[in-house]
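A.B. asks: the sequence and its predicted three-dimensional model are supplied below.
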Amino acid sequence: MTDTSATDMVNDAEFGDYFALLKPRVMTLVVFTAFVGLLAAPVSIHPFVGFTAILFIALGGGASGALNMWYDADIDAIMRRTQKRPIPAGKVTAGEAKSLGIALSGLSVIMLGLATNWFAAGFLAFTIFFYVVIYTMWLKRWTPQNIVIGGAAGAFPPMIGWAAATGGVSVESVLMFALIFLWTPPHFWALALFMRNDYDNAKVPMLTVTHGRKATRAHIFWYTVVLAVFALAAGFTTLGGPVYFLAAIVLNIQFLIGAFKIWRRDEDASEKDNFAVERKFFKLSLAYLFLHFGAILIEASLDRFGVWA
Amino acid sequence: MSIERQHDLHKRRFSRNLGLGLVLAAFVVLVFGLTVVKVTGGDVSQAISGTAGQ
């Protein structure tokens, strides 16, 4: 054994490094929203089939995460937030990530089709294609609206969950999509405001860089206004009910106030308190999405047990 | 780099092998479970009594 090969093996990957390629934190969001989509659907599904469906929707999401890490390895190596990912850390090669991503994409789509229906499977395949090709390869490095487009990929899981149960699309599933789709830009732009140098260095055209921080603040506010309209509209469909309305009203008022403060703040004030308002808004955005979907889940469970009937 | 019987590298390799083994075993159980549910239409007692599909 030569010295070189011995050093290569020092960075040998362990199982967890391959798992990290699947972006487990993003996967938890996919699992949760797909689960809500599946349970909110008016068609009941065998629990084991439902479990399998969610598992493979999550795996499909993970596979697209691995393909994203393969393609974005150059950017990830520059940004502080992503430097410890398995490829920039030298644990897994880019080629391995690509192979794993392609294999798991195929497996997840086929298994979802076999477990539920081919419409849901096709939808999952489209989502992977959308995230990897349309977002990662094409738009992320080209347009400052990258976050908006990427948000669409993250917004598909509840629709896939719904499709796994019903075999189709409906107003309810489109509104669940809208909830995540419109939530993503304010969420990420708030992050971009306080993680500022990261995206500049990696030359990713974030809105903060291309149109300035003032424009980003305005964008956050106006997206939040549109989001609030859609979030409340969802309450008037079968997704809604007293619990959902209560959650939606409280959360949207808080979110609008936070967005308004961000819009009205100038850079000096933000500098002074180290972006306290922006950080608070970012944290609130996590609770915002979780609690909206939590409320939909509660309504669906109450419906099943006939509480409001 | 000294040569030891049990190097850190072996630990990582073992973690990979064990992880993959468990994933494959879980996949087998999953496909079996799915088959039972699909064939019996959700009534697992049919699979146990051998009357599924009749």
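C.D. replies: The structure has been received and is ready for your questions.
A.B. asks: does A:A58 touch A:T33 like I think?
C.D. replies: No - in this structure, A:A58 is not within contact of A:T33 by CB atoms under 8 Å, at 10.3 Å. Any C-beta I mention is one placed from the backbone N, CA and C, and that applies to glycine too.
A.B. asks: please say which of these two ends up with more neighbours.
C.D. replies: Taking neighbours as other CB atoms under 10 Å in any protein chain shown, A:A58 and A:T33 compare with A:T33 leading, 29 against 23.
A.B. asks: got a list of what the more buried one touches?
C.D. replies: By CB atoms under 8 Å, 6 or more residues apart in numbering or on different chains, A:T33 lies in contact with A:P157, A:P158, A:G161, A:M176, A:I180, A:F293.
A.B. asks: what's the local residue count around the last one?
C.D. replies: Burial of A:F293 is recorded as 23 neighbouring residues (other CB under 10 Å).
A.B. asks: wait, it touches A:L38, no?
C.D. replies: No - judged on CB under 8 Å, A:F293 makes no contact with A:L38 at a distance of 11.8 Å.
A.B. asks: mind picking out the helix or strand in chain A with the poorest mean pLDDT?
C.D. replies: None of the helices or strands of chain A scores lower by mean pLDDT, DSSP states H and E than helix A:3-10, at a mean of 49.
A.B. asks: can you list the weak-confidence ranges in the stretch 51-200 of chain A?
C.D. replies: A:197 (pLDDT under 70).
A.B. asks: quick one: B:V36 and A:Q83, what's the gap?
C.D. replies: 46 Å (CB to CB, to the nearest Å).
A.B. asks: interface residues of chain B facing chain A?
C.D. replies: Contact residues (CB under 8 Å from any CB of the partner chain) of chain B with chain A: B:1, B:8-9, B:11-13, B:15-16, B:18-20, B:30, B:33-34, B:37-38, B:42.
A.B. asks: if we go to 10 Å?
C.D. replies: Contacts of chain B with chain A, taken as CB under 10 Å from any CB of the partner chain, map to B:1, B:3, B:7-23, B:26-27, B:30-31, B:33-38, B:40-44.
A.B. asks: by proximity to chain B, which residue of the stretch 201-309 of chain A wins?
C.D. replies: Nearest residue of the stretch 201-309 of chain A to chain B (CB to the nearest CB) works out as A:R304 at 16.5 Å.
A.B. asks: more neighbours, B:V36 and A:Q83?
C.D. replies: Higher neighbour count among B:V36 and A:Q83: B:V36, with 17 against 12, using other CB under 10 Å.
A.B. asks: hmm, that one is touching B:Q46, no?
C.D. replies: Yes - with contact defined as CB atoms under 10 Å, B:V36 counts as touching B:Q46 (9.0 Å).
A.B. asks: contacting residues around the closest residue to chain A within chain B?
C.D. replies: With CB to the nearest CB as the measure, B:G19 is the residue of chain B nearest to chain A, at 3.1 Å. The contact partners of B:G19, by CB atoms under 10 Å, 6 or more residues apart in numbering or on different chains, come to A:E14, A:F15, A:G16, A:Y18, A:F19.
A.B. asks: tell me the SS of it?
C.D. replies: helix (DSSP: H, G, I helix; E, B strand; the rest coil).
A.B. asks: now A:N274
C.D. replies: coil.
A.B. asks: right, and it touches A:L193 too?
C.D. replies: No - with contacts counted by CB under 10 Å, A:N274 stays clear of A:L193, the gap being 11.5 Å.
A.B. asks: neighbour count winner among these two?
C.D. replies: Shown here are A:N274 and A:L193; by other CB under 10 Å, A:L193 has more neighbours (25 against 9).
A.B. asks: that one - nearest residue in space that isn't next to it in sequence?
C.D. replies: Closest residue to A:L193 apart from its sequence neighbours, by CB to CB, 6 or more residues apart in numbering or on different chains: A:E278 at 4.7 Å.
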